[in-house]
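1. Pasting the sequence and the predicted model now:
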Amino acid sequence: MNYIDLRSDTVTRPTPAMREAMAKADVGDDVYAEDPTVNRLQEMAAARTGKEAALYVPSGTMGNLASILAHCQRGDEVMLGDKSHTFLYEAGGISALGGIHSRQLTNQPDGSLLLSELEEGLRGPDSHFPPSRLISLENTHNRCGGTYQTPAYFRQVSEFAHSHGLKLHLDGARIFNASVAQGVDVKEFTQHVDSLTFCLSKGLAAPVGSLICGTREFIQRVHRQRKALGGGMRQAGILAAAGIVALETMVERLSEDHARARALAERLGRMRGLVIDMGGPATNMLFLSLAESVPMSAKEVAEKLKERGVLVGVVGVRQFRLVTHYEITDAGVDQASAAFKEVVG
Ligand SMILES: *Cc1c(COP(=O)(O)O)cnc(C)c1O
């Protein structure tokens, strides 16, 4: 069965243009930095984000981990959101593998961290405390509903971090969604951070990979961390070729995903059995819950939707996450709406 798969934008399969580029990719040993296709992708990523250098890694999780390991020593502290992907969904790697202490601050509805809480969270020199070393932001913010923060906010946090000798990292898995949604160049965010990761394998639809961007010196240190984590790949140009196509052709079209997420919210929001959460979609994610009148759990509803050819993410006892991406067409929005109507409408 060909499902309408709204579980995540990670389910996107490579486009025909990507497969063609992969088949023809010029490759070499990337651990020796001799893969011309990986090198080209890295140069494109650095240019696009306005950084000196970039490094291709197998996943966003490894990108954040290698970056945080390169910024911090064992026993240092990173301030991040209590709903951040790095805190919730990266297997605790920064503490398990890096001995890095995490200080969780409350994510605001837009995914931001309050300046006042950052200030409160700052550690003094007293030897009771782990040294504050890093702040990590996430934009768009996944668990806050695909919401975004503005360039002005990034400027403020950057000024705060740098005036206290801290570094600023951005988990920009979906930074291009934040950029397209606000109609601003991605550099408006990235110019304020010391390092960032972004994913090629989400809405940009490449099969594998993320990039870490930062100064040349930082990327050299991250290169060692990537090796230690087992992320040194050889003829990775086969994969990077799809990433180049993703950056060249899949960024601007993200606005279509945002429009379809809004269309879904409008249709589903009219159904008695459903309640739109977090103010509706800001980008390509829609969180919604079952109304009290519905006698089923989200899991049971998801099973019934599946029978109707629609896959959704279950993220709570009564809550769903629906993510739009290039494989979700207008017809897919219709089919998903019709399935929900039959099951809970
Ligand atoms: C997907 C995601 C990541 C990285 O995930 P991988 O599956 O390891 O590539 C990091 N941060 C956020 C916000 C994400 O959504």
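-> Cool, the structure landed.
2. Residue 22: what's its closest spatial neighbour, skipping adjacent residues?
-> Distance criterion C-beta to C-beta, 6 or more residues apart in numbering; nearest residue to residue 22, sequence neighbours excluded, is residue 241 at 4.8 Å. From N, CA and C alone the C-beta is placed, and that goes for glycine too.
3. do the same with residue 332
-> Excluding its sequence neighbours, the residue lying closest to residue 332 (C-beta to C-beta, 6+ apart) is residue 4, at 4.5 Å.
4. And residue 226, by the same measure?
-> residue 66 (5.1 Å).
5. And for that neighbour, the neighbour number?
-> For residue 66, the neighbour count with other C-beta atoms under 10 Å is 28.
6. re earlier: isn't the residue nearest to residue 22 right up against residue 24?
-> Yes: between residue 241 and residue 24 a contact is recorded at 7.4 Å, counting by C-beta atoms under 8 Å.
7. Low-confidence bits of the stretch 151-300 of the chain, can you list those?
-> Of all residues in the stretch 151-300 of the chain, none has pLDDT under 70.
8. Please enumerate the strands of it.
-> Along the stretch 151-300 of the chain, counting by DSSP state E, counting those that start in this stretch, strands occupy 167-171, 195-199, 210-214, 274-276, 285-290.
9. Surely residue 337 is in a helix?
-> Yes: counting by DSSP: H, G, I helix; E, B strand; the rest coil, residue 337 is found in a helix.
10. Need the pLDDT of it.
-> Each residue has a pLDDT score; the one for residue 337 is 98.
11. tell me the contacts of it?
-> Counting by C-beta atoms under 8 Å, 6 or more residues apart in numbering, residue 337 makes contact with 264, 267, 268.
12. how close does the closest residue to residue 93 other than its chain neighbours get to the ligand?
-> Using C-beta to C-beta, 6+ apart and skipping the chain neighbours, the partner closest in space to residue 93 is residue 65 (4.6 Å). Residue 65 is 9 Å from the ligand, where distance means C-beta to the nearest ligand atom, to the nearest Å.
13. residues in contact with the one helix or strand residue 65 maps to?
-> Residue 65 belongs to helix 60-71 when elements are defined using DSSP states H and E. Contact with helix 60-71 is made by 55, 57, 78, 85-86, 89-91, 93-94, 97-98, 100, 133-134, 136, 167, 169, 171, 173, 194-199, 201, 210-212, 214, 218, 221-222, 224-226, 229, 231, as judged by C-beta under 8 Å, 6+ apart.
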